[in-house]
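In: Just the structure for this:
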Amino acid sequence: MSLKSIMRELKEMKDGIGNISKRGGESKLWRSRTRSHVAPDQAPAESEFIEQSPWANLPPELLLDIIQRVEASETAWPDRAVVVFCAAVCRSWREITKEIVKTPEQCGRLTFPISLKQPGPRESPIQCYIRRDRATSTYLLFYGLVPSEGESDKLLLAARKVRRATCTDFVISLVADDFSRASNTYVGRLRSNFLGTKFTVFDSQPPCDSVIPSSTRTSRRFQSKQVSPRLPACNYSIGTITYELNVLRTRGPRRMHCVLHSIPVSAIQEGGTAPTPLALPQSFHEQLSSLPSSKGKEPVIDASSPSNPASPLLSPGSGEPLTLKNKAPRWHEQLQCWCLNFKGRVTVASVKNFQLVAAVDPSHNVSAEEQEKVILQFGKIGKDIFTIDYRYPLSAFQAFAICLSSFDTKPACE
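Out: Numbers count the residues shown, from 1 in each chain. Predicted coordinates for the structure are as follows:
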């Protein structure tokens, strides 16, 4: 059987799974996961039809060869969805697919939702763009260089801006039509202070090998029996973004610093590695079971609220957190403006445009080449269209959250 015929049958099988799940009342979630964002990390419930089909009983050697050929041939979306269909066939297919598909750091590609929380590639950046909708206050992150004519680009993440009395929240989700924290598509949020000069990035799951400071406490509402067990009640502080005040109102770009508590500075040193999560928690109880406890006590959870801000999670033995700073632009006399080399990825001048590089001390032993490497760049290319390129050690989620901070009003910084 040829590879094309195998892919065709996998697509037909995927449609069959969709019909089965529709009869079970779960078609909305399945359709949104396969069409609206990166492939589902949790496969649908296996049906008897799939388990009894000859696909589930293929010899492991043949199955491994098939999935390897499919993964190697379909490297770009939307064709890469075939790799997801392989993971949705049955349990054995899913386990082998997860073994074959590499992390973005290793292969430079995004496949499953967990890829959005894994570090990007070290050499070439992953290129995406953000589409802003002013009417609905939503921001959509798509996978691709620029918007395509057919609007068939892959949606990676979506965020909705929510203004409050004392702060602004950006709720980040895997889909563009569900921003509820009770949904399993919720991945985190970004919260600003009153002036819009400091932002905190919250993740729905704790970073790898993290421990929770003893000073944190559990919110009262999570002790209530009325809380849904699906509610990702915990918000873990993984980073802060600070914009310097412009008291003298001098001309120039914004100056910002990002402190990433979940990434140690050793990640950019020679031989260093960044924390890489392997799976997304599917429920609140799964988050609890993954947290370390001491002396038989229940783990302490920080359920951040405006009156009870979360403390950053700490990784034992990780050392100092990684700090990023915006790359200083140069003043162009002929153009009479501040300029940065975006290598053609930014075409419209905007105060929102920036490039971030590592801010390290000589004691950190980071090479000069690594210090000059642009880890994240963000800029405008058209009305409500912005490009975003990120690389190791940032993940798509972290890069998206940092760029969202640029959209909030900052009268004291400009």
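In: Tell me which stretches of the stretch 51-200 of the chain form helices.
Out: Under the criterion DSSP state H, counting those that start in this stretch, the stretch 51-200 of the chain contains helices at 60-73, 81-87, 91-100, 104-107.
In: Please identify the most buried of the ones you listed.
Out: Comparing the helices of the stretch 51-200 of the chain by mean neighbour count (mean count of other Cβ atoms under 10 Å), helix 81-87 ranks first with a mean of 22. Glycine gets a C-beta too; all of them are placed from N, C-alpha and C.
In: Any chance of TSV for the helices of the stretch 51-200 of the chain, columns distance to Val348 and mean pLDDT?
Out: Converted to TSV, the helices of the stretch 51-200 of the chain look like this (distance: least, Cβ to Cβ, whole Å; pLDDT from 0 to 100):
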stretch	distance to Val348	mean pLDDT
helix 60-73	37	91
helix 81-87	32	90
helix 91-100	41	90
helix 104-107	28	94
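In: Just the C-alpha atoms of stretch 340-360, please, in CSV.
Out: Taking C-alpha atoms only, stretch 340-360 is exported to CSV below (Å, rounded to 0.1, in the frame of the first residue of the first chain):
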residue,chain,number,x,y,z
LEU,A,340,16.3,48.0,14.2
ASN,A,341,17.2,45.3,11.7
PHE,A,342,14.2,43.0,11.6
LYS,A,343,15.5,41.3,8.4
GLY,A,344,12.3,42.1,6.4
ARG,A,345,9.9,40.7,9.0
VAL,A,346,8.6,44.2,10.1
THR,A,347,7.6,46.8,7.6
VAL,A,348,5.6,49.4,9.6
ALA,A,349,7.1,51.8,12.2
SER,A,350,5.4,51.4,15.6
VAL,A,351,6.2,51.9,19.2
LYS,A,352,5.2,48.3,19.8
ASN,A,353,8.1,46.9,17.7
PHE,A,354,10.9,45.3,19.7
GLN,A,355,13.6,42.7,19.8
LEU,A,356,14.6,40.9,22.9
VAL,A,357,18.1,39.6,23.7
ALA,A,358,19.6,38.0,26.9
ALA,A,359,20.6,40.3,29.7
VAL,A,360,23.5,38.5,31.4
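In: Could I get the buried residue list for it?
Out: Using 16 or more other Cβ atoms under 10 Å as the burial criterion, the residues of stretch 340-360 that qualify are 340, 342, 345-346, 352-360.
In: do stretch 136-150 as well
Out: Under 16+ other Cβ under 10 Å, the buried positions of stretch 136-150 are 138-144.
In: shaky segments in the stretch 1-150 of the chain?
Out: Counting by pLDDT under 70, the stretch 1-150 of the chain contains low-confidence residues at 1-4, 6-53, 150.
In: now do the stretch 151-300 of the chain
Out: Applying pLDDT under 70 to the stretch 151-300 of the chain picks out residues 151, 209-233, 246-253, 282-300.
In: residue contacts, the closest residue to His364 other than its chain neighbours?
Out: Nearest residue to His364, sequence neighbours excluded (Cβ to Cβ, 6 or more residues apart in numbering): Val265, at 5.5 Å. Contact analysis of Val265 by Cβ atoms under 8 Å, 6 or more residues apart in numbering lists 319-323, 358, 360, 364, 366.
In: Could you rerun that using 6 Å?
Out: Going by Cβ atoms under 6 Å, 6 or more residues apart in numbering, Val265 touches 320, 322, 364.
In: Need those residues in TSV (columns: pLDDT).
Out: Shown next, in TSV, are the contacts of Val265 (pLDDT from 0 to 100):
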residue	pLDDT
Glu320	90
Leu322	95
His364	86
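In: Going by neighbour count, which of those residues comes out on top?
Out: The most crowded member of the contacts of Val265, judged by other Cβ atoms under 10 Å, is Leu322 (27 neighbours).
In: Show me what the helix or strand that one falls within is packed up against.
Out: Element membership for Leu322, per DSSP states H and E: strand 321-326. Applying 3 or more Cβ pairs under 6 Å, 6 or more residues apart in numbering; DSSP states H and E, one finds that strand 321-326 makes contact with strand 256-264, strand 354-358.
In: what about the ones you listed, which gets the closest to Leu58?
Out: Closest approach to Leu58 among those is made by strand 256-264 (39.6 Å; Cβ to Cβ).
In: relative to strand 354-358, how tilted is the closest one?
Out: Between strand 256-264 and strand 354-358, the angle comes out at 40 degrees (axes from the mean of the first three to the mean of the last three Cα atoms, to 10 degrees).
In: quick revisit: Throw the helices and strands packed on strand 321-326 into TSV and include distance to Ala176, thanks.
Out: Formatted as TSV, the helices and strands packed on strand 321-326 follow (distance: least, Cβ to Cβ, whole Å):
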stretch	distance to Ala176
strand 256-264	26
strand 354-358	25
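In: closest one to Val70 among those?
Out: Proximity to Val70 (Cβ to Cβ) singles out strand 256-264 among these, at 32.7 Å.
In: Direction included, what does that closest one pair up with?
Out: Strand pairing for strand 256-264, using DSSP bridges, gives strand 236-243 (antiparallel), strand 321-326 (antiparallel).
In: who wins for proximity to Cys208 among the helices of the stretch 51-200 of the chain?
Out: Evaluated over the helices of the stretch 51-200 of the chain, closeness to Cys208 peaks at helix 104-107, with 13.5 Å, by Cβ to Cβ.
In: still on that earlier bit, I'd like the helices of the stretch 51-200 of the chain laid out as TSV, including distance to Ser192.
Out: Below are the helices of the stretch 51-200 of the chain laid out as TSV (distance: least, Cβ to Cβ, whole Å):
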stretch	distance to Ser192
helix 60-73	40
helix 81-87	35
helix 91-100	37
helix 104-107	28
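In: which one of the ones you listed lies closest to Ala274?
Out: Between Ala274 and those, the tightest spacing by Cβ to Cβ is seen for helix 104-107, at 7.7 Å.
In: where's the residue nearest to Cys90 when sequence neighbours are not counted relative to Asn326, distance?
Out: Distances taken as Cβ to Cβ, 6+ apart put Ala56 closest to Cys90, at 4.5 Å, once the chain neighbours are dropped. Using Cβ to Cβ, to the nearest Å, one gets 52 Å for the distance from Ala56 to Asn326.
In: same question, Ala274
Out: Distance of Ala274 to Asn326, computed by Cβ to Cβ: 21 Å.
In: No more questions from me, cheers.
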